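J.: No letters, just coordinates:
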């Protein structure tokens, strides 16, 4: 007897863009999706309404309604999460605090809602259907507006004693260094995120450095965008723009130092890198991998594979959909490895 199809809605709520998708949770197939820029600067009410708008669009594009096997909604949001109550406690890159997102979505769509950290759910997506298949202990690191990671330990997501494990973006790599969005100084996120890359490039242009990005980047920022798009950065590198290459290589070296430290401290079976910047810019991935292997101890440096996220942009929505389905008791293929319980 064929397995009943179960669909869940996955939402990836990031600092730059929000992506919603209807996913067949037994195969990882994305049936339909919708995306727009998050526009976090417009406030919490706008962010929540945009999330509802995109969720509705994805459901309609999949020709489903809430009664057609849409079993749950899962959300991965950038920030600190109260998973039990579906609350975004603090999300600097979203500009929101104590957002009752689970309650808002449950009331709108009348299905159960599970909320987790964005990279945590991306790690789940890669575990079931991406580059994490076959590994029981790995770390997913995603580079975007900020930098975060999800830790899989013995086939379970590890969230730590306070639920904040994996905040690699706030690993201090330069004591007393640049100010970070979290308020601390010297965090990795202040050196290697797309936000940091944008600030470094624009500061150099402001001080007279020549770059093919000068007009495009300034126009983009004047239009209300806060960071330079990954595709624009990639185009500048293809044009051998000296400033862009210099800044990206510097960011990649900082990222690589952090990855090397992960190899030494956690000694995972593999490291998975994802996010729009990683996907678009081979220079960032290649430089970070090389630096990681020079920063780590010899044995883990030699034996730890570093992969790109196989699901690409859909890691987060697929993982969020799986999280939502598992929260209502649906057993997924591979659940013998990850039964949905978060290991403390």
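T.: All right, it came through fine. Just so it is clear, the model here is predicted, and its values are computed rather than measured.
J.: Would you indicate which residues of the longest helix along the chain are buried?
T.: The longest helix of the chain (DSSP state H) is helix 242-265. Taking 16 or more other Cβ atoms under 10 Å as the basis for neighbour counts, the residues of helix 242-265 that come out buried are 243-245, 247-263. No exception for glycine: its C-beta is placed from N, CA and C like everyone else's.
J.: Mind giving me the packing neighbours of it?
T.: Under the contact criterion of 3 or more Cβ pairs under 8 Å, 6 or more residues apart in numbering; DSSP states H and E, the helices and strands touching helix 242-265 comprise strand 138-143, helix 189-192, helix 194-206, helix 230-238, strand 270-274, helix 282-295, helix 298-303.
J.: highest average neighbour count across the ones you listed?
T.: Mean neighbour counts were taken over the helices and strands packed on helix 242-265 using mean count of other Cβ atoms under 10 Å, and the top value, a mean of 29, falls to strand 138-143.
J.: who's in contact with that strand?
T.: The set of residues external to strand 138-143 that reach it, using Cβ atoms under 8 Å, 6 or more residues apart in numbering, is 118-119, 122-123, 126-127, 132, 147-152, 166, 168, 192-194, 255, 258-259, 262, 266, 268-278, 284, 309, 315.
J.: Contacts only, for the residue nearest the centre of the chain.
T.: Among the residues of the chain, residue 119 comes closest to the average C-alpha position under Cα atoms, centre = their mean, at 4.2 Å. Listed by Cβ under 8 Å, 6+ apart, the contact partners of residue 119 are 76, 140-142, 148-150, 166, 316.
J.: how does it look with 6 Å?
T.: Listed by Cβ atoms under 6 Å, 6 or more residues apart in numbering, the contact partners of residue 119 are 142, 148-150.
J.: Check residue 152 too.
T.: By Cβ under 6 Å, 6+ apart, the contact list for residue 152 reads 123, 127, 138.
J.: List phi and psi for the closest residue to the residue nearest to the centre of the chain other than its chain neighbours.
T.: Take residue 119 and drop its neighbours on the chain: the residue closest to it by Cβ to Cβ, 6 or more residues apart in numbering is residue 148, 3.7 Å away. According to degrees, to the nearest 10, the main-chain angles of residue 148 amount to phi -140, psi 170.
J.: Likewise for the one 5 residues further on?
T.: When read as degrees, to the nearest 10, the backbone of residue 153 gives phi -130, psi 120.
J.: is it in a bridge, and if so with what?
T.: As for beta bridges, residue 153 partners with residue 156 under DSSP bridges.
J.: one step back: can you classify the residue nearest to the centre of the chain by secondary structure?
T.: Per DSSP: H, G, I helix; E, B strand; the rest coil, the secondary structure class of residue 119 is helix.
J.: Any figure for the gap between it and residue 295?
T.: 21 Å (Cβ to Cβ, to the nearest Å).
J.: before we move on, back to that, contacting residues for the residue nearest to residue 119?
T.: Applying Cβ under 6 Å, 6+ apart, one finds that residue 148 lies in contact with 119, 142, 169.
J.: Which one of the residues you listed is nearest to residue 16?
T.: Using Cβ to Cβ, residue 142 is the member of the contacts of residue 148 that lies nearest residue 16, at 11.9 Å.
J.: follow-up on the earlier one: mean pLDDT added to the helices and strands packed on helix 242-265, as JSON lines?
T.: Supplementary listing: these in JSON lines, determined by pLDDT from 0 to 100:
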{"stretch": "strand 138-143", "mean pLDDT": "95"}
{"stretch": "helix 189-192", "mean pLDDT": "97"}
{"stretch": "helix 194-206", "mean pLDDT": "92"}
{"stretch": "helix 230-238", "mean pLDDT": "93"}
{"stretch": "strand 270-274", "mean pLDDT": "97"}
{"stretch": "helix 282-295", "mean pLDDT": "97"}
{"stretch": "helix 298-303", "mean pLDDT": "96"}
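J.: Out of these, which is closest to residue 180?
T.: Proximity to residue 180 (Cβ to Cβ) singles out helix 189-192 among those, at 4.3 Å.
J.: So what touches that closest one?
T.: Defining contact as Cβ under 6 Å, 6+ apart, one finds that helix 189-192 is touched by 146-147, 169, 178, 180, 196, 251, 254-255.
J.: Looking at pLDDT only, which of those residues scores worst?
T.: Ranked by pLDDT, the contacts of helix 189-192 bottom out at residue 146, which scores 89.
J.: Turn the contacts of residue 148 into CSV, including distance to residue 87.
T.: What follows is those, written out as CSV (distance: Cβ to Cβ, whole Å):
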residue, distance to residue 87
119, 18
142, 22
169, 21
